[in-house]
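A.B. asks: with the sequence up front, the predicted model follows.
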Amino acid sequence: MKNHITLGEYIIENQKDFQYSSGEFSRLISSIKLAAKVVNHEVNKAGLVDILGDHGETNIQGEKQQKLDVYANEIFLQTLINREIVCGVASEEEDDFVIIEGKNKSHDNKYVVLIDPLDGSSNIDVNVSVGTIFSIYRRITPLGTPVKIEDFLQPGNMQVAAGYVVYGTSTMLVYTTGNGVQGFTLNPAIGVFYLSHPNMKFPENGNIYSINEGYYIHFPQGVKDYLKYCQEEEEDRPYKARYIGSLVSDFHRNMIKGGIYIYPTSSKAPQGKLRLLYECNPMAYLAEQAGGEAIDGYRRILEIKPTELHQRVPIFVGSKNMVNKAKEFMVQYPEDANY
């Protein structure tokens, strides 16, 4: 390890960067860290036990649930509920948010967590990297009362922390509290996350574009025009096409190497496919804290006011200059704006 600071030590040393209750936040991140280690253990032995394939049910999104989706969702919910650190949790795999009561049926905890327990789980069967995405808000309803939907339907610029865990060749936990982005790598021998990627930054320019070009014919014209730009023979182009199909993995690679990830609207997905609260907001917060940009093609992701728990939006996220160039193409077709 380049740096022998553990995740726990880092949080304690940088408590001043978190403007709210640092003790509660430390316990909350510790809970996410614990659940991530349990999920990581299952992911890494997935080929040895009966945990691959479909669970046989669909989630609220109408998508087939993988067995590991269900397992990861249960682990994160149990960990957050049992430790009584948050007052509510919303998961991509649940129909509605979960109200958490503290001791003596109190509702005195200050934070809500929104989570995508296992992003890219359809790739598990073929041994491709997957991840967990989380977003943390301070509740806006009065302390002592059960959380309500408005505690979760806050714009992304109200996040107090966000992050992801990528389960790959190594397992990393990457997070921000609004003071830059820090990456921690798990030492599996002793189960400890060490600071390995301090102050992570998106290069302003990149040469990677990540999009499922199989849907090209269904994309709006602005996206088609930008893709043609990416493929032109110029001094700094064509760009490289790299698409894993796991948001966490694509985002993580692009943050390190420089690139743009795009999941636009299409005739097959008129609202886009990714969820605003569980995927786009946390990734947008991380991107901006790492010097990148995140838009829906026209406006800043973090300024979108959510209207429903499982709302979908298009997203263009990554290196600042690449996202701004994509926007130049999109604004030529204002009729395609999804609002």
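C.D. replies: Ah, there it is.
A.B. asks: ok, residue 262 touching residue 315?
C.D. replies: Yes: here residue 262 reaches residue 315: they are 7.3 Å apart, a contact under Cβ atoms under 8 Å. C-betas here are computed from N, CA, C, even on glycine.
A.B. asks: please say which of the two ends up with more neighbours.
C.D. replies: The neighbour count for residue 262 versus residue 315, taken as other Cβ atoms under 10 Å, is higher for residue 315 (27 against 24).
A.B. asks: ranges for the strands of the stretch 201-339 of the chain?
C.D. replies: Chain-ordered strands for the stretch 201-339 of the chain, with DSSP state E, counting those that start in this stretch as the definition, fall at 208-210, 240-241, 260-263, 293-295, 315-318.
A.B. asks: which parts of the biggest helix by length in the chain are buried?
C.D. replies: For the chain, the helix that runs over the most residues, judged by DSSP state H, is helix 22-44. By neighbour count, with 16 or more other Cβ atoms under 10 Å as the criterion, the buried positions of helix 22-44 are 22, 25-26, 28-37, 39-40, 42-43.
A.B. asks: which secondary structure elements does that helix sit against?
C.D. replies: Other helices and strands packing on helix 22-44, by 3 or more Cβ pairs under 8 Å, 6 or more residues apart in numbering; DSSP states H and E, are helix 7-13, helix 67-82, strand 111-119, strand 130-138, strand 159-167, strand 171-176.
A.B. asks: distance from the third one to the middle of the chain?
C.D. replies: Spelled out, it's strand 111-119. 8 Å (Cα atoms, centre = their mean, to the nearest Å).
A.B. asks: quick one: strands adjacent to it?
C.D. replies: According to DSSP bridges, the neighbouring strands of strand 111-119, each with its direction, are strand 88-91 (parallel), strand 130-138 (antiparallel).
A.B. asks: mean pLDDT added to the ones you listed, as JSON lines?
C.D. replies: As requested, these are exported to JSON lines (pLDDT from 0 to 100):
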{"stretch": "strand 88-91", "mean pLDDT": "95"}
{"stretch": "strand 130-138", "mean pLDDT": "95"}
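A.B. asks: circling back: pick the most deeply packed of the strands of the stretch 201-339 of the chain.
C.D. replies: Most buried of the strands of the stretch 201-339 of the chain, by mean neighbour count (mean count of other Cβ atoms under 10 Å): strand 315-318, with a mean of 29.
A.B. asks: and that one, what does it pack against?
C.D. replies: Counting contacts by 3+ Cβ pairs under 8 Å, 6+ apart, strand 315-318 packs against helix 247-257, strand 260-263, helix 281-289, strand 293-295, helix 320-330.
A.B. asks: re earlier: which one, of the helices and strands packed on helix 22-44, ends up nearest to residue 303?
C.D. replies: Residue 303 lies closest to strand 159-167 among the helices and strands packed on helix 22-44, at 12.3 Å (Cβ to Cβ).
A.B. asks: direction included, what does the closest one pair up with?
C.D. replies: Using DSSP bridges, strand 159-167 pairs in its sheet with strand 130-138 (antiparallel), strand 171-176 (antiparallel).
A.B. asks: so, low pLDDT: which residues of the stretch 101-250 of the chain?
C.D. replies: In the predicted model of the stretch 101-250 of the chain, residues 104, 124 satisfy pLDDT under 70.
A.B. asks: how far does stretch 214-225 stretch from one end to the other?
C.D. replies: The straight-line separation of the ends of stretch 214-225 (Cα to Cα, to the nearest Å) is 16 Å.
A.B. asks: which parts of it are buried?
C.D. replies: 215, 218, 219, 220, 222, 223, 224, 225.
A.B. asks: show me the contacts for the last one.
C.D. replies: Translated: residue 225. 329, 332 (Cβ atoms under 8 Å, 6 or more residues apart in numbering).
A.B. asks: against residue 136, how distant is it?
C.D. replies: Plainly put, residue 225 is 37 Å away from residue 136 if you go by Cβ to Cβ, to the nearest Å.
A.B. asks: for the nearest residue to residue 284 once chain neighbours are set aside, name its beta-bridge partners.
C.D. replies: What sits nearest to residue 284 in space, not counting adjacent residues and going by Cβ to Cβ, 6 or more residues apart in numbering, is residue 294, at 3.4 Å. In this entry, residue 294 is beta-bridged to residue 317, by DSSP bridges.
A.B. asks: now do residue 294 against residue 281, distance only.
C.D. replies: Counting by Cβ to Cβ, the gap between residue 294 and residue 281 amounts to 9 Å.
A.B. asks: okay, and the common contacts of the two?
C.D. replies: Overlap of the contact sets of residue 294 and residue 281 (by Cβ under 8 Å, 6+ apart) consists of 301, 302.
A.B. asks: how does this protein divide into domains?
C.D. replies: According to automatic domain parsing, the chain comprises the domains 7-197, 208-336.
A.B. asks: what's the end-to-end length of the last one?
C.D. replies: Counting by Cα to Cα, you get 25 Å between the two ends of domain 208-336.
A.B. asks: next one: the first one
C.D. replies: From the first residue to the last, domain 7-197 extends over 12 Å; the measure is Cα to Cα.
A.B. asks: switch to numbering from 21
C.D. replies: Understood, numbering begins at 21; the last thing we discussed is domain 27-217.
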